[in-house]
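Chemist: could you look at this predicted model? Sequence included:
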Amino acid sequence: MVSHPSRRTVRGALVATAAVVAAALPTTPATAQPSAADALAKYNELSEKASKLNQDHLKAQGDLAAKQGELDKAKGDLANAQKAEESLRGQVDLLTEATFDGARFNQISALLVSDSQQDFLNRMSAINILAADNADALKKLQEAVDAADNATKTANEATETSKKLLGEIEQKKADLDKQLAEAKAQYQSLSASVRNQLSQVGDMSKISVPAGTAGKALEFALQQRGKQYVYGSNGPDTWDCSSLIQAAYRYAGVSIGRTSYAQAAAGRPVSVSEIKAGDIIVYYSSQSHVAMAVDGVRAVHASTEGVPVRIADIQSIGPISVVRRIEG
């Protein structure tokens with residue numbers, strides 16, 4: 001997903017580099033190009049939209065894959081039912097062939113060919129059992145075929161719905177890419193000093209992590225510091241925000257969803273005051289950005305293009321939507 005510096009992060013970065021910006025940018029009239037703050041604010045706004053759209057796009061892909069799995073299962077069920085039907089038809093064919101040969105399996109033929117009353121009863125019992133078994137098998141087979149047909153129809157409809165949704169999201173993504181290109185152009189208009197400030201990797205010191213799953217996940221996330229953010233990337237050399245968190249917990253032996261939406265429902269909720277190392281912090285009402293707590297005040301996250309994976313103050317990243325704990 002396209003993660004991003006929050007408006008608070010932008011403000012913080014600009015405050016830290018205010019002197020640099022003032023010195024680097026010439027005095028301009030009110031009708032001039034947007035200021036560094038304006039350009040960054042617009043880039044931040046477009047990045048937030050791109051972040052949500054990226055998560056929507058990833059979710060649609062996941063939904064489509066799930067629907068395809070349902071379709072594959074339905075087709076498998078149908079194939080098994082068809083095999084069973086073919087097998088039963090073989091039995092029916094044998095009965096039909098026997099009938100044509102004169103072995104009429106009914107009460108009259110059984111009586112005529114029986115040597116005794118007991119022989120007649122034995123023949124009738126066998127005929128009744130065979131008829132009952134075939135009737136039961138045919139009934140079950142028909143039910144299985146009907147169920148498989150219905151499942152296939154449902155899965156096909158669901159797949160078409162997902163494909164349509166995916167197509168719509170692809171169009172939104174294309175529209176947003178155009179906007180994002182404009183924002184990047186504005187970002188490039190910033191002075192080299194300001195861009196350099198934003199590209200700093202920050203704290204790269206060794207940080208102790210707790211034992212257990214959460215600590216192991218945090219260990220992985222911290223090892224990614226300095227690597228670049230790339231829209232939709234899944235690692236290992238570049239990340240987006242939710243792929244970093246997913247990979248970190250995968251490293252710790254825990255499977256969580258690919259999107260920030262899925263990660264917002266992983267584990268169990270905890271309050272902001274309870275945040276500890278390894279917790280997943282999801283930001284914005286749209287839940288479109290995610291970070292991992294280093295401790296109660298810091299988090300590591302993949303922010304946005306032009307900004308590497310790095311540690312930031314938890315509150316500076318953006319408005320917190322939910323905090324999830326995978327372990328404990």
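Modeler: Okay, I see it.
Chemist: what about the helices in the stretch 151-300 of the chain?
Modeler: Counting by DSSP state H, counting those that start in this stretch, the stretch 151-300 of the chain has helices at residues 192-198, 213-223, 241-251, 260-263.
Chemist: would a markdown table of the ones you listed with distance to residue 67 and mean neighbour count be doable?
Modeler: Glycine gets a C-beta too; all of them are placed from N, C-alpha and C. Shown next, in a markdown table, are the helices of the stretch 151-300 of the chain (distance: least, C-beta to C-beta, whole Å; neighbours: other C-beta atoms under 10 Å):
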| stretch | distance to residue 67 | mean neighbour count |
| --- | --- | --- |
| helix 192-198 | 41 | 16 |
| helix 213-223 | 30 | 21 |
| helix 241-251 | 21 | 25 |
| helix 260-263 | 16 | 24 |
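Chemist: lowest mean pLDDT across those helices, which one is that?
Modeler: In terms of average pLDDT, helix 192-198 trails the rest of the helices of the stretch 151-300 of the chain, at a mean of 80.
Chemist: who are the packing partners of it?
Modeler: helix 7-16, helix 18-24 (3 or more C-beta pairs under 8 Å, 6 or more residues apart in numbering; DSSP states H and E).
Chemist: rewinding a little: and residue 232, which of the helices of the stretch 151-300 of the chain is closest to it?
Modeler: Nearest to residue 232, of all the helices of the stretch 151-300 of the chain, is helix 241-251, at 8.1 Å by C-beta to C-beta.
Chemist: C-alpha coordinates for that closest one, CSV please?
Modeler: Taking C-alpha atoms only, helix 241-251 is exported to CSV below (Å, rounded to 0.1, in the frame of the first residue of the first chain):
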residue,chain,number,x,y,z
CYS,A,241,3.4,-0.5,5.2
SER,A,242,1.2,-3.6,5.4
SER,A,243,3.6,-6.0,3.6
LEU,A,244,6.3,-5.1,6.2
ILE,A,245,4.0,-6.0,9.1
GLN,A,246,2.8,-9.2,7.4
ALA,A,247,6.4,-10.3,6.7
ALA,A,248,7.5,-9.4,10.2
TYR,A,249,4.9,-11.7,11.7
ARG,A,250,5.5,-14.4,9.1
TYR,A,251,9.2,-14.3,10.2
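Chemist: okay, the helices of the stretch 151-300 of the chain in a markdown table with distance to residue 271 next?
Modeler: What follows is the helices of the stretch 151-300 of the chain, written out as a markdown table (distance: least, C-beta to C-beta, whole Å):
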| stretch | distance to residue 271 |
| --- | --- |
| helix 192-198 | 31 |
| helix 213-223 | 17 |
| helix 241-251 | 20 |
| helix 260-263 | 18 |
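Chemist: what's the closest of these to residue 294?
Modeler: helix 213-223 (6.7 Å).
Chemist: show me what the closest one is packed against.
Modeler: With contacts taken as 3+ C-beta pairs under 8 Å, 6+ apart, helix 213-223 sits against helix 241-251, strand 289-293, strand 298-301.
Chemist: distance to residue 193 added to these, as a markdown table?
Modeler: Putting the helices and strands packed on helix 213-223 into a markdown table (distance: least, C-beta to C-beta, whole Å) gives the following:
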| stretch | distance to residue 193 |
| --- | --- |
| helix 241-251 | 27 |
| strand 289-293 | 27 |
| strand 298-301 | 24 |
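Chemist: what's the closest of these to residue 173?
Modeler: Within these, the stretch nearest residue 173 is helix 241-251; the backing value is 16.0 Å (C-beta to C-beta).
Chemist: for the closest one, name the packing helices and strands.
Modeler: Packed against helix 241-251 by the contact rule (3+ C-beta pairs under 8 Å, 6+ apart) you find helix 36-100, helix 213-223, helix 260-263, strand 289-293.
Chemist: got the CA positions of the shortest one in PDB?
Modeler: These are the backbone C-alpha positions of helix 260-263, laid out as PDB (Å, rounded to 0.1, in the frame of the first residue of the first chain):
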ATOM      1  CA  SER A 260      -4.000  -3.100   6.800                       C
ATOM      2  CA  TYR A 261      -7.800  -3.800   6.900                       C
ATOM      3  CA  ALA A 262      -7.100  -7.500   7.700                       C
ATOM      4  CA  GLN A 263      -4.400  -6.500  10.200                       C
END
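Chemist: hmm, who's touching it?
Modeler: Helix 260-263 is contacted by residues 1, 55, 59, 241-242, 245-246, 256-257, 280, 282, 287-290, 324 when judged by C-beta atoms under 8 Å, 6 or more residues apart in numbering.
Chemist: which one of these sits in the busiest neighbourhood?
Modeler: Within the contacts of helix 260-263, most neighbours by other C-beta atoms under 10 Å means residue 290, with 34 neighbours.
Chemist: please tell me how far the closest residue in space to that residue that isn't next to it in sequence sits from residue 38.
Modeler: In space, and not counting its chain neighbours, residue 290 is closest to residue 260: 4.3 Å by C-beta to C-beta, 6 or more residues apart in numbering. Distance of residue 260 to residue 38, given as C-beta to C-beta, to the nearest Å: 27 Å.
Chemist: so which of the helices and strands packed on helix 213-223 gets nearest residue 68?
Modeler: Distance to residue 68, taken as C-beta to C-beta, is lowest for helix 241-251 among the helices and strands packed on helix 213-223, at 20.8 Å.
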